[in-house]
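S.K.: The following comprises the amino acid sequence and a computationally predicted model.
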Amino acid sequence: MSPAITVVGYGPAAHRLVQRLHHHGHRGPVTVFGGEPQPAYNRAQLLSVLDGTLPSGALALGPLPPGTEVRTGSRITAVDPGRRLLRDGDGGVHPYEVLVLATGSRPVLPPLSGAGDRRLPDIRVPHTLPGAEPVDRGPVVVVGGGLRGTETAYALGRAGHEVTLVHPGARPMHRLLDDRAGTLVTALLGEAGVAVETGRRAVAVEPGKIVLDDGRLLAAGTLLLCTGSEPDTVLARTARLAVGRGIVVDDRLRTSDPHIHALGDCVEAPARHATLASAWDQADALARTLSGGDGRHEPAGQVVVRPRLPALAALGPLQALDDPGDDEQVVLSDPAGGRYGRLVLREGRVRAGVLVGLPRAVATVGRLHAEDRPAPPDRLALLLGNDEEYANSAELPDTAVVCQCNNVTKKDLHEACRQGARDLPAIAAATRATTGCGSCTALVRRICESAAAS
Ligand SMILES: Cc1cc2nc3c(=O)[nH]c(=O)nc-3n(C[C@H](O)[C@H](O)[C@H](O)COP(=O)(O)OP(=O)(O)OC[C@H]3O[C@@H](n4cnc5c(N)ncnc54)[C@H](O)[C@@H]3O)c2cc1C
């Protein structure tokens, strides 16, 4: 007999969990409480709504299996693990048998004095659909030049907005990139028309303006706060679960209470940047466990971050870049050509690296790293993308994972093409490739074109 499962949070992790429960044969009742008014959507693609590339409806994750009870706009405010009860914001009480927390992450916001005046700029946090509505009041000031803020400023600059990026670090994405890579990224932002204010914080807002910590004023019609996020552990704390940076779980995604599991961005994770791929991996593992199988979950050891800027990648652990010790290092620096690559290798395998302006290396080194395969002996050819074995998609091995978010291999794509999927929407419907962060879209298209041609 399948247990009754109650899920709190209705983001990508919860959505995939419920789908996979059905797939693995769970037939007990499933209830989902979602705090946002709309059904689950792909949060990783919010930037495409903000810059006007996609309509908000395109982010919808689709219906859940029949029989799932979904309560949107219903925020759970407390868990009573002793009596196995949930309380919602309207005073409702809901018993549970097995509880899954999928409460995701919440933004960390800076103190800004002066907020509250209606003549102020449109102040938004692009973490939810309402916060990511297309920008219609310029100029735009993006506060926070970490991964998301830099991507946001670049996308809006490319979309023709007047944008300034304000960042307290010495260079954009300073926790992810080294100095030389950061300098090239600043140049890329400049090419997209983005002015960059490094070493500065926004401290206050005034009508039509942002005040910087050196007293200067920046004109602003829209202020976007991209100042980071953290696991949302508010609900877990009401149940007195073990919580560190996120909710602590074991390799079966069990919390410190045997009747409560957790997954997605709300759990304590080894990687600094939570990803869709990891939330979806966890969803599959937990669905197997809750359907009576063995759903042991191993966090992915290799971190690959591909910001939405051209030909840019950071491969972790990033401390290895700061302190490579006795590891082999390969460096290619061509500032005039906007190209820079630095790899740290141990026993012939890429341990960490940063790549800018080297599109082929981003694809090939990223895959070598993700699959923990040995690098070819000609390291420079690898960085320049001239290595014969890895140079283009036609030579990728069948087992190469092309869409990391959904774990789709080249072989899966060929199979979908063989079965009649001819364009990207059909490929996406058949394999889910491209439906995560979207960074594999160009490669998926090339593989499918070459499969169709042959
Ligand atoms: C702007 C942005 C860009 C991103 N880009 C990428 C990317 O390019 N690649 C990538 O891999 N990842 C990216 N991510 C991360 C990715 O979106 C997350 O890893 C993913 O959304 C995690 O899914 P989740 O379901 O765990 O959490 P979330 O998506 O945060 O969903 C959690 C849901 O739970 C709800 N909730 C919380 N508490 C309660 C409660 N008490 N009661 C009811 N409901 C509750 C929340 O309202 C929310 O709807 C990005 C994230 C953001 C914000």
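M.R.: Perfect, I can see it now. Numbers count the residues shown, from 1 in each chain.

S.K.: where does the chain dip in pLDDT?
M.R.: For the chain, applying pLDDT under 70 flags the ranges 115-119, 270-273, 301-302, 386-395.

S.K.: What residues does it have near the ligand?
M.R.: 8-14, 33-36, 43-44, 46-47, 75-76, 102-105, 126-127, 148, 232, 235, 264-265, 274-277, 279, 405, 437 (C-beta under 6 Å from any ligand atom). All C-beta spots, glycine's among them, are computed from the backbone N, C-alpha and C.

S.K.: tell me, how many neighbours does His24 end up with?
M.R.: 17 (other C-beta atoms under 10 Å).

S.K.: cool, Gln19 as well?
M.R.: By other C-beta under 10 Å, neighbour count at Gln19 equals 20.

S.K.: ditto for the one 4 residues further on
M.R.: The burial count assigned to His23 is 13, neighbours taken as other C-beta under 10 Å.

S.K.: now swap in the one 4 residues further on and tell me
M.R.: Other residues lying near Arg27 total 12 when counted by other C-beta under 10 Å.

S.K.: Renumber starting at 52 from here on
M.R.: From this message on, residue numbering opens at 52, which makes the last subject Arg78.

S.K.: For the ligand, what's the nearest residue on the stretch 202-351 of the chain?
M.R.: With C-beta to the nearest ligand atom, the shortest gap between the stretch 202-351 of the chain and the ligand falls at Gly315, namely 2.2 Å.

S.K.: Please tell me I have it right and that residue contacts Val151.
M.R.: No - applying C-beta atoms under 8 Å as the test, Gly315 and Val151 come out as separate, 9.5 Å apart.

S.K.: still on that earlier bit, look up how far Arg135 lies from the residue of the stretch 202-351 of the chain closest to the ligand.
M.R.: Relative to Arg135, Gly315 is positioned 22 Å away (criterion: C-beta to C-beta, to the nearest Å).

S.K.: same deal with Met52?
M.R.: Distance, Met52 to Arg135, by C-beta to C-beta: 17 Å.

S.K.: And for Gly436?
M.R.: Gly436 is 56 Å from Arg135, by C-beta to C-beta.

S.K.: re earlier: which of Gly315 and Arg135 has more neighbours?
M.R.: Each of Gly315 and Arg135 has its neighbours counted (other C-beta under 10 Å); Gly315 has more, 32 against 17.

S.K.: ok, the more buried one to Pro410 distance?
M.R.: The value you get for Gly315 to Pro410, if C-beta to C-beta is used, is 31 Å.

S.K.: do the same with Ala328
M.R.: Distance from Ala328 to Pro410, by C-beta to C-beta: 21 Å.

S.K.: More neighbours: which of these two?
M.R.: A direct count of neighbours by other C-beta under 10 Å for Ala328 and Pro410 places Ala328 higher, at 20 against 15.

S.K.: Where does that one fall, secondary structure wise?
M.R.: Using DSSP states H and E, Ala328 maps to helix 327-341.

S.K.: surely Ser290 meets Pro132?
M.R.: If you look again at residue 290, you'll see it is Ala, not Ser. Yes - between Ala290 and Pro132 there is a contact at 4.8 Å, judged by C-beta under 8 Å.

S.K.: Can you work out which residues contact both of the two?
M.R.: In terms of C-beta atoms under 8 Å, 6 or more residues apart in numbering, Ala290 and Pro132 are both contacted by the residues Asp308, Ile311.

S.K.: okay but Ala480 is in contact with Ala472, surely?
M.R.: Yes - in this structure, Ala480 is within contact of Ala472 by C-beta under 8 Å, at 7.3 Å.

S.K.: out of the two, which sits in the more crowded spot?
M.R.: Ala472 (21 against 12).

S.K.: just checking, that one is part of a helix?
M.R.: No - applying DSSP: H, G, I helix; E, B strand; the rest coil, one finds Ala472 to be coil, outside a helix.

S.K.: So it is in contact with Ala481, correct?
M.R.: Yes - counting by C-beta under 8 Å, Ala481 is a contact partner of Ala472 at 4.7 Å.

S.K.: hmm, back to that, shared neighbours of Gly315 and Val151, anything?
M.R.: With C-beta under 8 Å, 6+ apart, Gly315 and Val151 have common neighbours Ala65.
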